[in-house]
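Undergrad: following is a predicted model, sequence given first.
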Amino acid sequence: MPSDLVIVYHRQPYEEVEVDGRIELRENKSPNGIVPTLKSFFGSVEHGAWIAWKQANDPSSPDFEQVIDITDDYGSYSVSRLPLSPKQVREFYHVTSKEAFWPILHGFRERYNYDPVDWPNFREVNWRFAEAAAAEAAENAVVWVHDYNLWLVAGYLRKLRPDVRIAFFHHTPFPSADMFNVLPWRKEIVESLVQCDVVGFHIPRYAANFVSVARSLLDVDVIRREQVGNDMIFEGTALTERSLPTLLRCEGREVAVSVAPVGVDVDYIAQCASDPDTLRRAGSIRTDLGESRLILSVGRTDYTKGGVEQLDSFERVLENNRDLHGKVRLMHVSVTANRNMSVYAQIQNDIEAAAGRINGRFGTLEWQPVALITRPIPFTDLIAYYLAADIAWITPLADGMNLVAKEFVATRNDGDGVLVLSEFAGAAVEMGSAVIANPFSYRSMDEAIVTALGMPEKERRQRMEILRRAVARRDIKAWGAQLKDEFKALRGYAERNITNAA
Ligand code: GDG
């Protein structure tokens, strides 16, 4: 059945669990997160489709059905699973996306690895996503493509289906032309993106960077420019942008540029945070801590998340503040996503080495300054730690948004707790009332955590109140509502584009 909304996202919209030798499809354990929100869009269309990949040893004859139909609480939709060989997955995802694009998107030119990229494979995989989307889309459907590993889908899809409206959302930062243009495929990527009707980003800076990149490579006219709202301007923070182009004309088409900062499910988190079991769990964590204060740091193991730099800062703080010995503990949750990638294995080793060094230098039988956790913690337990913590210390070197910072704030219905946040997390433009730190400066990092530890209760509560308002204002429901409005507005651009092309 043709679909009015086709979501193209590399992951499947459920978890596959093996039960007695058979694969069962289960809802993602936690309703918090991006996948349930995307699925909720299916509730507003008659039929939806989701395109993802699934590894197959022999993609020409996969041992699974390629298209399955699902009807659940979210609506009725089909899921196309593109069979990719292990080699295709490695080349497309681990090499091209993670070794070449990821470092450039996050501003790490020195980590960029161009040589092993198999560009024809990247094109082929993107082409197959586009073909699958084209096969599922009803006439004039909205096709919503997510993230940089599917950059070429937009251009291919436009060739296959000139009638559809294409929206693209970036979950990562988007760098300036000086950084982005390191990619030798830059023009091909941008030529694809300008075939969209709307290209979306978390914050104005990334959107403005995208436009500067497009202007460096193609003839682009800015036909609308808008001021950024006050709720996304925090004086002096690194990612604040005051105005941005929101409508472009390029190659005879109109392309809207949108800013939609993703949020968290505030209602669900608040409900978890007031659950008696969670409160008991948080209470027992606090009891175990005794007089010690808890600093919590949570993130995937990735050099962009700044885990090593944070541990180094903690080491300096302990070295320079003997009065903190025995009185503060850092729980550093760093979950490895890709164990088979050498770059992540290296970071994991560096984090383990730093934690071990700090515990060895300062720890005693009674007091271990760092508790390093490398396995995923169930979400409800994570909420209990957010509740029990005195400080959330979130200091990525670069991060599209950072949902951990928002989750911590959404959890704190007690109104207390301090957020120390990197000014290079997209979330910082909405959360300027956090203690803002620059992770590239030892002094800024160390002072921020010392300030947070010494902050009087009144100030903690004042800051938390402002943060909670900001997080509630742009929660995941607001994100969904904004995007639904944008999809309605797409009709205008798309129709003008179709007329212009005819
Ligand atoms: C990308 C962008 C952007 C982490 N450890 C555990 C755990 N988590 C959950 C957190 C949070 C999620 O993982 C991490 O989200 P982030 O936003 O912080 O980071 P990325 O994974 O890098 O996501 C990012 C995001 O896309 C959305 O657009 O914000 O900038 O890089 O929800 O809670 N969850 C559980 N146990 C853990 O140990 N259950």
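TA: Yep, that arrived.

Undergrad: got the residues of the stretch 101-250 of the chain near the ligand?
TA: His171, Thr172 (Cβ under 6 Å from any ligand atom). Any C-beta I mention is one placed from the backbone N, CA and C, and that applies to glycine too.

Undergrad: identify the residue of the stretch 101-250 of the chain closest to the ligand, quick one.
TA: His171 (3.5 Å; Cβ to the nearest ligand atom).

Undergrad: what's the local residue count around that residue?
TA: 17 (other Cβ atoms under 10 Å).

Undergrad: contact partners for it?
TA: Residues near His171 by Cβ atoms under 8 Å, 6 or more residues apart in numbering: Ile34, His146, Asp147, His202, Val262, Gly400, Met401.

Undergrad: ok, so what distance separates Arg253 from the ligand?
TA: 26 Å (Cβ to the nearest ligand atom, to the nearest Å).

Undergrad: so what pairs up with that residue in the strands?
TA: Cys250 (DSSP bridges).

Undergrad: surely it meets Val194?
TA: Yes: assessed by Cβ atoms under 8 Å, Arg253 is found in contact with Val194 at 6.8 Å.

Undergrad: who has more neighbours out of the two?
TA: Val194 (22 against 19).

Undergrad: who's in contact with that one?
TA: Here Val194 is in contact with Ala214, Leu218, Val220, Leu248, Cys250, Glu251, Arg253, Val255 (Cβ under 8 Å, 6+ apart).

Undergrad: and the pLDDT for the fourth one?
TA: In this model, Leu248 is scored at 97, pLDDT.

Undergrad: that one and Arg225 touch, don't they?
TA: No: using Cβ under 8 Å, Leu248 makes no contact with Arg225, being 10.3 Å away.

Undergrad: the stretch 251-400 of the chain: strands as residue ranges?
TA: Counting by DSSP state E, counting those that start in this stretch, the stretch 251-400 of the chain has strands at residues 253-259, 293-300, 328-335, 370-373, 391-394.

Undergrad: ditto for the stretch 401-502 of the chain
TA: Assigned by DSSP E, counting those that start in this stretch, the strands in the stretch 401-502 of the chain fall at 418-422, 435-437.

Undergrad: buried deepest among those, which one?
TA: Ranked by mean neighbour count, the strands of the stretch 401-502 of the chain are led by strand 418-422 with a mean of 28 (mean count of other Cβ atoms under 10 Å).

Undergrad: what is the orientation angle of it with strand 293-300?
TA: Counting by axes from the mean of the first three to the mean of the last three Cα atoms, to 10 degrees, strand 418-422 lies at 40 degrees to strand 293-300.

Undergrad: CA atoms only for strand 418-422 - export them in CSV, please.
TA: The C-alpha trace of strand 418-422 is given here as CSV (Å, rounded to 0.1, in the frame of the first residue of the first chain):
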residue,chain,number,x,y,z
VAL,A,418,23.6,21.6,38.9
LEU,A,419,24.2,21.1,35.2
VAL,A,420,27.8,21.7,34.0
LEU,A,421,27.5,21.9,30.2
SER,A,422,30.0,22.3,27.4
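
Undergrad: show me what contacts Ile23?
TA: Glu16, Val17, Phe64.

Undergrad: any idea which of the residues you listed is the one closest to the ligand?
TA: Nearest member of the contacts of Ile23 to the ligand, counting by Cβ to the nearest ligand atom, is Val17, at 16.3 Å.

Undergrad: strands of the stretch 101-250 of the chain, start to end?
TA: In the stretch 101-250 of the chain, the strands defined using DSSP E, counting those that start in this stretch lie at 137-146, 165-169, 198-201, 220-227, 243-250.
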